[in-house]
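Participant: How does the following fold in three dimensions:
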Amino acid sequence: MRPGFFLARQSLTLRLTALFAAASTVVLLGLSWVVGQAVERHFESMDMGELGGKIELVRNILSKTRGVEEKTLLQRRLDDALVGHHHMSVQVLDADGQMLYRAGEANFPARLMTDEVGRPLLWDDGHAIFRGLSARLSEPGMEAVAVAIDISHHQHFMHEFRSTLWRFVLAAALLSGILGWVAARRGLLPLRVIRQGAAEVTASRLNYRLPVAAIPLELADLADTLNKMLARLEASFLRLSDFSSDLAHELRTPLSNLMTQSQVVLSRARSNEEYREALASSTEEVERLARMVSDMLFLARSDNGLAALEREPVDLAAEVRDLFDFYSALADENGLSLMQEGNARVSGDKLMLRRAMSNLLANAIRHTPRGGVIKVAIEPDESGARLRIENPGETIPPEHLPRLFDRFYRVDSSRQHLGDGAGLGLAITQAIIQAHGGKISVRSLDGVTCFEFYLPE
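Facilitator: Numbers count the residues shown, from 1 in each chain. A predicted model of the protein is given here:
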């Protein structure tokens, strides 16, 4: 099992729910920590305010008490000041460090009166938790005063508060998970609509399209891409269907000829010459079938990007001149003139490019009336070269031009072709040009038809 397979196979709804619950839990935990810290600081601030106030009260009482000889009066005044403050403890030391006054249950640590003077201190003496504060005294005969407050009730409250807060966070996380699951289910409803629509697509129902306008913006691009894919599949399926029909039609004629001729020849005894003629005729039909099969294999390889190119420098003008020499006899027989102008060099497969130009030239010769002139023009540019083949003849209706490069397509279905003869020549030419990274087009106007292709360097 490859890494990440289990995670990839999990339900998207489950993953979104988990992410939503995790995010909510993190936010709630952070908020709980902030609230807890704020309450803690609030209690601490209240305690420090009360401790500071008691120290000032003790200082005020000491300043009104003259000397240690008024110790009894001092104790009475301090006791009166602490009435109702059972949670408060006070300790006063004289100049010799002796206990001058003490009230409350707190056991003051020695460091509160020495090292920690002026700084708050928190300690646990076993039965309660205290927060204390001490201060130096400037009154004669006085050393220091310490005040402590029992904060056990604060600690108990914070314990209960945190427990309640954690329970709330847990409940909120579970509720967030449930709400996240509901939201994810509803949010992913358009995906289920897309799935149901895709399930309805069959070979007989390729015209179905997803309702992009009814799909959320986040999925609109996906729906549009799927619609374009369906359009391509529909177009490809229609082309394949037409191609299959055309192929069956094209193969039927030579096969029917072979079968009829063979049956006629075998119907009675023939002379050697008659058998020889029958075999020669059959050989022509077989060669036609072989060319057709070879062309179809080439087109199939081109459609799948498997056409192997052997690139080398190609002189287009030289190739055109060689083709002129090859077709000169046919052109003379039909009373045609061949003209060439321009020159350019490209990088490509010489044999394949010659075949493409040969198909176009043969096509021009077939459809040019006697006395016509076929012109081949080559124009180089910075990034490649253009080649045009123009011939006079019947103007091709505009509705036929986009389909001239389709396989087995004929403008006039009753016309008998020479050469390729199966309507594959222009399709092969287009495949060769596209395999070289070029483009080919055709236009026909006012009795002149022009095929033009562009090849990059």
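
Participant: secondary structure class for Val293?
Facilitator: In the three-state summary, Val293 is assigned as helix, counting by DSSP: H, G, I helix; E, B strand; the rest coil.

Participant: what's the burial count for it?
Facilitator: Other residues near Val293 come to 11 when the count uses other C-beta atoms under 10 Å. Bear in mind the C-beta positions are built from the backbone N, C-alpha and C, glycine included.

Participant: and stretch 117-127, how far apart are its ends?
Facilitator: Criterion C-alpha to C-alpha, to the nearest Å; first-to-last residue distance in stretch 117-127 is 24 Å.

Participant: For that stretch, which residues meet the burial criterion?
Facilitator: With burial defined by 16 or more other C-beta atoms under 10 Å, the residues of stretch 117-127 counted as buried are 121, 123.

Participant: Would you map the strands across the stretch 201-350 of the chain?
Facilitator: 312-315, 337-341, 345-348 (DSSP state E, counting those that start in this stretch).

Participant: Please, where are all the helices along the chain?
Facilitator: For the chain, the helices defined by DSSP state H cover 5-9, 12-63, 71-81, 110-113, 152-187, 189-199, 217-266, 272-303, 316-333, 350-367, 425-435.

Participant: Point out the most buried one among the strands of the stretch 201-350 of the chain.
Facilitator: strand 345-348 (a mean of 19; mean count of other C-beta atoms under 10 Å).

Participant: Direction included, what does that one pair up with?
Facilitator: Using DSSP bridges, the strands paired with strand 345-348 are strand 312-315 (antiparallel).

Participant: and the strand it pairs with, C-alpha only, in PDB?
Facilitator: Extracted in PDB, the C-alpha atoms of strand 312-315 (Å, rounded to 0.1, in the frame of the first residue of the first chain):
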ATOM      1  CA  GLU A 312      17.000  16.600 -40.500                       C
ATOM      2  CA  PRO A 313      17.400  19.900 -42.500                       C
ATOM      3  CA  VAL A 314      14.900  19.900 -45.400                       C
ATOM      4  CA  ASP A 315      15.200  22.200 -48.400                       C
END
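
Participant: And the contacts of that strand?
Facilitator: 343, 345-350, 353 (C-beta atoms under 8 Å, 6 or more residues apart in numbering).

Participant: Ramachandran angles for Glu382?
Facilitator: Main-chain torsions, Glu382, degrees, to the nearest 10: phi -70, psi -30.

Participant: I should have written Ser204 there, sorry.
Facilitator: Ser204 adopts backbone torsions of phi -100, psi 0, taken as degrees, to the nearest 10.

Participant: That one and Ala198, how far apart?
Facilitator: 15 Å (C-beta to C-beta, to the nearest Å).

Participant: Tell me which of those two has more neighbours.
Facilitator: Between Ser204 and Ala198, counting by other C-beta under 10 Å, Ala198 is the more crowded of the two (12 against 7).

Participant: ok, that one - contacts?
Facilitator: Contacts of Ala198 (C-beta under 8 Å, 6+ apart): Leu226.

Participant: which non-adjacent residue is nearest the residue sitting nearest the centre point of the chain?
Facilitator: The residue lying closest to the centre of the chain (C-alpha atoms, centre = their mean) is Leu222, at 9.7 Å. What sits nearest to Leu222 in space, not counting adjacent residues and going by C-beta to C-beta, 6 or more residues apart in numbering, is Ile194, at 7.4 Å.

Participant: got the contact list for that neighbour?
Facilitator: Ile194 sits in contact with 210, 215, 219, 222-223, 226, where contact means C-beta under 8 Å, 6+ apart.

Participant: one step back: and the helices of the chain, which is most packed in?
Facilitator: For the helices of the chain, the highest mean count by mean count of other C-beta under 10 Å goes to helix 425-435, at a mean of 22.

Participant: Only C-alpha atoms, please: export it in CSV.
Facilitator: Extracted in CSV, the C-alpha atoms of helix 425-435 (Å, rounded to 0.1, in the frame of the first residue of the first chain):
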residue,chain,number,x,y,z
GLY,A,425,-4.7,12.0,-48.5
LEU,A,426,-5.6,15.3,-46.9
ALA,A,427,-6.1,13.6,-43.5
ILE,A,428,-2.6,12.2,-43.7
THR,A,429,-1.2,15.5,-44.8
GLN,A,430,-2.8,17.3,-41.8
ALA,A,431,-1.4,14.6,-39.4
ILE,A,432,2.1,15.0,-40.8
ILE,A,433,2.0,18.8,-40.5
GLN,A,434,0.7,18.6,-37.0
ALA,A,435,3.3,16.0,-36.0
